[in-house]
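**Q** let's see this in three dimensions:
(chains A, B and C)
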Amino acid sequence: MSTEPPLLLALDLGGTFAFALNGALTAIRVAKLDVVGVVTLGMVTALGGGIIRDIFIDSLPPATFSDWRYLMVAAAGSLVAFAFGWRLTRLVKPILVLDAAGLSLFAVTGASKALDFGVGPGQAVILGAITAVGGGTLRDVLSGRVPVVLRSELYAIPALVAATVVVVTVRTGVYGIPVALAAAVVCFAIRLLGVRLRLNAPSPPRINPD
Amino acid sequence: MSTEPPLLLALDLGGTFAFALNGALTAIRVAKLDVVGVVTLGMVTALGGGIIRDIFIDSLPPATFSDWRYLMVAAAGSLVAFAFGWRLTRLVKPILVLDAAGLSLFAVTGASKALDFGVGPGQAVILGAITAVGGGTLRDVLSGRVPVVLRSELYAIPALVAATVVVVTVRTGVYGIPVALAAAVVCFAIRLLGVRLRLNAPSPPRINPD
Amino acid sequence: MSTEPPLLLALDLGGTFAFALNGALTAIRVAKLDVVGVVTLGMVTALGGGIIRDIFIDSLPPATFSDWRYLMVAAAGSLVAFAFGWRLTRLVKPILVLDAAGLSLFAVTGASKALDFGVGPGQAVILGAITAVGGGTLRDVLSGRVPVVLRSELYAIPALVAATVVVVTVRTGVYGIPVALAAAVVCFAIRLLGVRLRLNAPSPPRINPD
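**A** Numbering: from 1, shown residues only, chains lettered A, B, ... in the order given. The predicted structure is shown next:
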C-alpha cells in the first residue's frame, strides 16, 4: 500500500465513496432495506469491482479489503446515504450521477493497477472495465435485477474508452495526473450523455421474438 | 489440515452439515428441484461461505474443497435432506433453525481462521460475517431470491457479534472452547429471537416511495 | 501455456467457442440485449467456468483470461452470434446443442487440468463439472434465471460422467485423444438424449407443497 501512487489512491477512494453512496441509495430506493442491508449493498457496490480485479491479477487478499482506508470510506459513504438518503427526492438522478462517477474513476484505476501487475494491454483494458462495472453488477444481482452492464444504454463502452486511454498513455509514457483525470472525465461525460440522449449501443440486425 | 485445531474443525463441520441440510431443504421447498439440484444447492450453501473466505485470505485451493471431510459432510447433509425432507411438514421451521445454526458456527470459525491467517481485527470480524452469510447468499441468488442478509430481520448483526467476541477474546488471550461455544450460542439466540419477535435492524428515517 | 498439451488446448478452445455462441444467442433471444450485452454475456458464458476452476486450483491469473487465444475465441464467437443470430429461427435448438457441446468439452478439459494441478480424484471430478456448468450458471444468474444446473433435465450428471471417465483413465494410464473425445461424446449424447426424452434426475419421494 505504501508503494501505491497517491493519485491512484485518491481516485480509487473517490470511486469507492461514489459507489458506496450509489449502492446504499439503490438499497433504500429499490429494495427498502434496513441499515444492515443498506450498508451491505453500499459496501458490495463500492468494493466488489476492485475485489474481482484483485482476484484476477492474483493480488490477494484484495487491497480494497486488507487496506482499512477502503473499508472506512465504503462504510462512511453507505452510512451517509442511510442517514440522509431519504432527503433526496426520488433519488434517481443522484444514483445515476454517482454510478457514472464510480464507473469513470474505477475504469482508470483498474486499468492502471492491472498494468502495474504486468498483465498485457488488452487484458488491462478489460480489467479496467471489469473493475468499473463489477461492483454495480454484484449490486444488481443481489437486488434481483438484470445488471446494468447487460441492459441498454452506454455503460461498458465509456469504461472501455477510459481504460484504453490509460493503457495507451502508460505505454507511450505520457500518463500522469492530467491524463488520468481527462480519461475519467471523458468516461463520465459519455456515460451521462448516453443516459440523457437515451443512446444505446447497436442492437442485433433483427430479432426473432420468442 | 493436520494443524487445524480440533475445536475449529468440529464446529466447522457442524456448520457445514447444518447449512447442507438447510440448502437442500430450501431446494425442495422453494424450487422443487431434482436430486442434482438439491445436492448442488445443499453443497453450495454449505461450502460457499468458506470458499469466499479462503479466496479473501489467499488460502487456495479452498479448505472446504480440498479437504474431503467437508465435501463428504456437505454431500451427506444434502442427501439426508433429499431422502427425508418430504416428511418435514412445510419445512419452514427446520430451515430457519438450521440456517441459524450454520450462521452461528461459521461466524465463529470464519473469524478464528481469518485471525490465523494474519488479517487485522476489523477484517477478521467482517470475514467471520462473510463466512456466515456467504453460503446462504449464494443459495438465494441461485434460487432467484433477494439474499436474506439484505432483507429485514436480524441476520448479519448476530454474526458480527459472534465474530467480534471471537476477535476480542483471541486478542485478550481468553479464547477457547467455552468462549467459542458461547459466541455461537449468543449468535444463534439473537438470530432466532429476531425471527420470533420479527425484530429488524433500524430502517432509514423516512423513505421516499418511488 | 506452452506446456499445455495441444489436445487439451484444442478441446478447450472448442468449448469456449461453443459457449460464446450459446451465451450470445441467449442474450439475443431471452434478454434482447445490445452489442455490449451480447458480447459480455457470450464472454462470461465462455470464460466463466474456466475462471472459477482456476481460482479453485490457485492458477491465477486465470488461463482463460491471461491467454489471449481464449479471449479472441470468446469474442469471435460472441460477435458471430451477434451478426448472424437473427437468422436462426427461434434459436432454441442451436442454443441447446451449443450448450451441450461446451458442457462436454469443458467437463473433459476441466477434470484434466485439475488433475495436472495435483488435486485429488474426487475433487478433479467435481472441478470438471464446475468448469462445465460454471459459465452457464453465471449466464443464467446475470440474465435473471434460475441456473439450468439446478432446474430439471440431465445437466450436471453427464458432465460428472465425462469427468469421471477422464479421472479414471488418467489414473489407469489409458487417457489420450481417443478417450478424451469419447468422454466428450458420451456427455454430449446423454445431455441431448435427456433433453429429447425430457429425462430428469430423480425427484424427492414426495413434496409437501407450500
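**Q** nearest spatial neighbour of the residue in chain A that chain C sits nearest to, skipping sequence neighbours?
**A** Residue nearest to chain C within chain A: residue A:58 (3.7 Å; Cβ to the nearest Cβ). Where you see a C-beta, it was placed from the backbone N, CA and C, and this is true even at glycine. Distance criterion Cβ to Cβ, 6 or more residues apart in numbering or on different chains; nearest residue to residue A:58, sequence neighbours excluded, is residue C:60 at 3.7 Å.
**Q** helix, strand, or coil at that neighbour?
**A** Recorded secondary structure, residue C:60: coil (DSSP: H, G, I helix; E, B strand; the rest coil).
**Q** list phi and psi for it.
**A** Torsion angles at residue C:60 (phi, psi; degrees, to the nearest 10) stand at phi -110, psi 150.
**Q** these two touch, right, it and residue A:56?
**A** Yes. At 7.2 Å, residue C:60 counts as touching residue A:56 under the criterion of Cβ atoms under 8 Å.
**Q** what about the two, which has more around it?
**A** Neighbours were counted for residue C:60 and for residue A:56 using other Cβ atoms under 10 Å in any protein chain shown; residue A:56 has more, 26 against 21.
**Q** for the residue of chain A closest to chain C, give me its contacts.
**A** A:117, C:60, C:61 (Cβ atoms under 8 Å, 6 or more residues apart in numbering or on different chains).
**Q** what about chain A, any weak spots by pLDDT?
**A** Where chain A drops to pLDDT under 70, the residues are A:1-5, A:31, A:88-91, A:152-153, A:199-210.
**Q** returning to what we had before: residues contacting the residue nearest to residue A:58?
**A** A:55, A:56, A:57, A:58, A:60, B:60, C:54.
**Q** the one residue in chain A that gets nearest to chain B and residue B:62: what is the separation?
**A** Per Cβ to the nearest Cβ, residue A:60 is where chain A lies closest to chain B, at 3.7 Å. The gap separating residue A:60 from residue B:62 is 12 Å, by Cβ to Cβ, to the nearest Å.
**Q** residue A:129 too?
**A** 27 Å.
**Q** again, but for residue A:197
**A** Residue A:197 is 46 Å from residue B:62, by Cβ to Cβ.
**Q** so between the two, which is more surrounded?
**A** residue B:62 (20 against 10).
**Q** touching, the more buried one and residue B:55? I think so.
**A** Yes. Using Cβ under 8 Å, residue B:62 is in contact with residue B:55, at 7.1 Å.
**Q** quick check: residue A:183 touching residue A:165?
**A** Yes. Residue A:183 lies in contact with residue A:165 (Cβ under 8 Å); the separation is 4.1 Å.
**Q** more neighbours: which of these two?
**A** Neighbour count, other Cβ under 10 Å: between residue A:183 and residue A:165, residue A:183 has more, with 28 against 23.
**Q** ok, the more buried one - contacts?
**A** Neighbours of residue A:183 in contact, by Cβ under 8 Å, 6+ apart: A:104, A:107, A:108, A:161, A:162, A:165, A:166, A:169.
**Q** neighbour-wise, which of the residues you listed leads?
**A** Ranking the contacts of residue A:183 using other Cβ under 10 Å puts residue A:107 first, with 36 neighbours.
**Q** quick check, it in contact with residue A:130.
**A** No. Counting by Cβ under 8 Å, residue A:107 stays clear of residue A:130, with 9.5 Å between them.
**Q** close enough to count as contact, residue A:54 and residue A:62?
**A** Yes. Assessed by Cβ under 8 Å, residue A:54 is found in contact with residue A:62 at 3.9 Å.
**Q** by contact count, what packs against the longest helix along chain A?
**A** In chain A, assigned by DSSP state H, the helix with the most residues is helix A:92-116. Counting contacts by 3 or more Cβ pairs under 8 Å, 6 or more residues apart in numbering or on different chains; DSSP states H and E, helix A:92-116 packs against helix A:6-26, helix A:35-56, helix A:121-142, helix A:156-171, helix A:177-197.
**Q** please redo it, this time with the cut-off set to 10 Å
**A** Judged by 3 or more Cβ pairs under 10 Å, 6 or more residues apart in numbering or on different chains; DSSP states H and E, the packing partners of helix A:92-116 are helix A:6-26, helix A:35-56, helix A:68-84, helix A:121-142, helix A:156-171, helix A:177-197.
**Q** just to revisit the earlier point, need the overlap of contacts for residue A:60 and residue B:62.
**A** B:54, B:55, C:55, C:58 (Cβ atoms under 10 Å, 6 or more residues apart in numbering or on different chains).
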